[in-house]
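Undergrad: mind looking at a prediction? Sequence and model below.
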Amino acid sequence: MIDPRTIRAPTGSHTRAPLERADLDDDPIAQFGRWFEEAVRAGVPLPNAMALATAGADARPSVRHVLLRGLDARGFAFYTNLDSRKGRELAENPFAALVFLWKRLDRQVTVRGRVERVSDAESDVYFADRPRGAQLGAWASPQSQVLASREDLERRVREVDARFPHAVPRPPNWGGLRLVPDELEFWQGREDRLHDRFRYARSAEGWRIERLAP
């Protein structure tokens, strides 16, 4: 058991500068890029780590951390085994949410939208740039399926290594997914839990920016 007093214990004060509407870029992708660069400069560990929430046809949500591997005007890209749980759920229900937590800066960014496949050409380029061990693992791991043992996984890796002694091609069930955002929220921690929150919502006229209550 966890002592309830431990859970309720203060975890530090929110003493960062306020976030005002005038601080925000009109383009949420540009605003995200600005905050991301600040997280990198601040030495935030794994600033591209993001929680990815999905739900399949049964509407039961699941969540895991993945790594952001591409960002442009189209959206947020990541790569995975498409037969994995997240891949199957997104095939059934192509909507998802992301959360980035940069605790050192007392910031969060939440992104919601529709998920689409990254082109095969883009996936090929990304896969070719991965370390060989990661390439072999993409072939060897039946991601999200029951595995008999660690030894079985390592045997699979050895078999793939022997099968592809030179270049390792991209597996047909492995590729990129891109979340095309229709909503982003930028959260800045403030004292007394009176945090600053701004939401970008996509509309026919462009992006609408609104302050949300903490």
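TA: Ah, there it is. All figures in this text were calculated on a predicted structure; none of them were measured in a lab.
Undergrad: so what's the residue nearest the centre of the chain closest to, chain neighbours aside?
TA: For the chain, residue 50 is the residue whose C-alpha lies nearest the centre (C-alpha atoms, centre = their mean; 3.4 Å). Take residue 50 and drop its neighbours on the chain: the residue closest to it by C-beta to C-beta, 6 or more residues apart in numbering is residue 98, 4.6 Å away. In this view, the C-beta of every residue, glycine as well, is placed from N, C-alpha and C.
Undergrad: picking that back up, residue contacts, the residue nearest to the centre of the chain?
TA: Each residue near residue 50 by C-beta atoms under 8 Å, 6 or more residues apart in numbering is listed here: 65, 66, 67, 68, 76, 78, 98, 99, 100.
Undergrad: number of residues surrounding the third one?
TA: Pointing back at residue 67 there. 12 (other C-beta atoms under 10 Å).
Undergrad: and the longest strand along the chain, what's its mean pLDDT?
TA: Counting by DSSP state E, the longest strand found in the chain is strand 174-188. The average pLDDT within strand 174-188 is 98.
Undergrad: would you map the helices across the chain?
TA: Applying DSSP state H to the chain gives helices spanning 4-8, 28-41, 85-92, 120-128, 132-140, 150-163.
Undergrad: residues in contact with residue 52?
TA: Residue 52 touches 63, 64, 65, 66, 78, 86, 96, 97, 98, counting by C-beta under 8 Å, 6+ apart.
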